[in-house]
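# Quick one, fold the following:
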Amino acid sequence: RLGYRTKGIPPRLAKKRSVMEKIKRRQSRRRADPEFTKDERFPFHEEDLRYRHIREEKRRQTNAVVFCIMDTSGSMDQTKKYLARSFYFLLYQYLRLKYTEVEVVFIAHTTTAREVREEEFFHRVEAGGTFISSGYRKALEIIEERFNPAVWNIYAFHTSDGDNWSEDNEQALAAARELCQVCNLFGYGEIDPDGFHVTSPISRLFQDALAEKNFAMVKINGKEDLFPAMKKLLTLEE
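Just a heads-up that it's a prediction; the model follows:
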C-alpha cells in the first residue's frame, strides 16, 4: 500500500481517513467564517473522500531472471557452444521449478557486448578478440534499466573458453564484483573440451581475488561435467 488518493473504487474507501479530511475542512470553514456554528449541518463532500492506493507489484519470491553471458568470438566453436547451451538449459529448468516466472536475457560479447536473441546467441560467430568485462557491464546496465533487485531474483552465468585480453582482466574482476552485489548467484563456467587450459589467467584471477560467497567457478570439459557443475553452483542456494 502506498497511501491514499482522491479517486478510487468503493471497496477501497478509507472511512477513517475520509472523516479526518472532513474534520479538517470543517475546521478551515470555522476559521474563515465566524458565523459558522458547530451545530450547523456539514455533509461530506467528494473532496473529503480518500481511497487506499495499492500498487500491484511483482513479488520477488516468485520471479527470476537469468542472464546468459557468452563469449561469441571465433575461438568459441560449435562444440563449446553446445556445452554452453546444455549448461544454460539445465540452469533454466532448475529456475523454472523454483519460480513462477523466469525471464532469460542473452548477452553475446567479443570486445563489445549486446543483448541478442537465443538463435543468434548460440549460432553466430564473430571475429575479434575478447573483453569479458563488456558482457558483465552490459548485464549490469540491463539490470539497472529493467530488473530491480528488490523485485527480481537475479542469476548471471558466464561461459567462455578462458581467452581474454590481459588488459581487460582487472576490469572484468571489478565488474564481476558488481554483479555479485546485485545477483543471487553469479557463476563463471570455463569450457575447455580439448583440455588445452589447465587454468586460464582469468580463472586464476577470479579464484584468487573473487571471494564473494555467491560466486562460483566451474570447469566444463565435456558433457559428463555438466551435472557436477550444476551441483557446485546450486550448493550456494542451500
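
# Name the spans of this structure whose pLDDT lies under the cut-off.
For the chain, the stretches with pLDDT under 70 are 1-2, 37-40, 54-60, 196-198, 237-238.

# now the helices for it?
Using DSSP state H, the helices of the chain run over 15-32, 78-98, 118-123, 132-146, 169-182, 201-209, 226-234.

# bridging residues for residue 67?
Here residue 67 sits in beta bridges with residue 105, residue 156, as judged by DSSP bridges.

# How many residues are close by the closest residue to residue 182 other than its chain neighbours?
With sequence-adjacent residues excluded and distances taken as CB to CB, 6 or more residues apart in numbering, residue 182 is closest to residue 149, at 4.9 Å. Where C-beta positions appear, they are placed from N, C-alpha and C, glycine not excepted. The number of residues packed near residue 149 is 14, by other CB atoms under 10 Å.

# before we move on, what about residue 3?
By other CB under 10 Å, 10 other residues sit near residue 3.

# Look up how far residue 17 lies from the closest residue in space to it that isn't next to it in sequence.
Of all residues not flanking residue 3 in the chain, residue 53 sits nearest, at 5.3 Å (CB to CB, 6+ apart). Distance of residue 53 to residue 17, given as CB to CB, to the nearest Å: 11 Å.

# okay, and the common contacts of those two?
residue 4 (CB atoms under 8 Å, 6 or more residues apart in numbering).

# correct me, but the residue nearest to residue 3 touches residue 4?
Yes: applying CB atoms under 8 Å, one finds residue 53 in contact with residue 4, separated by 5.9 Å.

# who touches both of those two?
Counting by CB under 8 Å, 6+ apart, nothing touches both residue 53 and residue 4.

# what separates the residue most central in space within the chain from residue 136, distance-wise?
Centroid-nearest residue in the chain, with CA atoms, centre = their mean: residue 154, separated by 3.6 Å. If you measure residue 154 against residue 136 using CB to CB, the figure is 13 Å.

# Same question for residue 112.
12 Å.

# Next: residue 33.
From residue 33 over to residue 136 (counting by CB to CB), the distance is 67 Å.

# And these two? Which one has more around it.
residue 136 (27 against 10).

# hang on, residue 172 packs against residue 133?
Yes: with contact defined as CB under 8 Å, residue 172 counts as touching residue 133 (4.3 Å).
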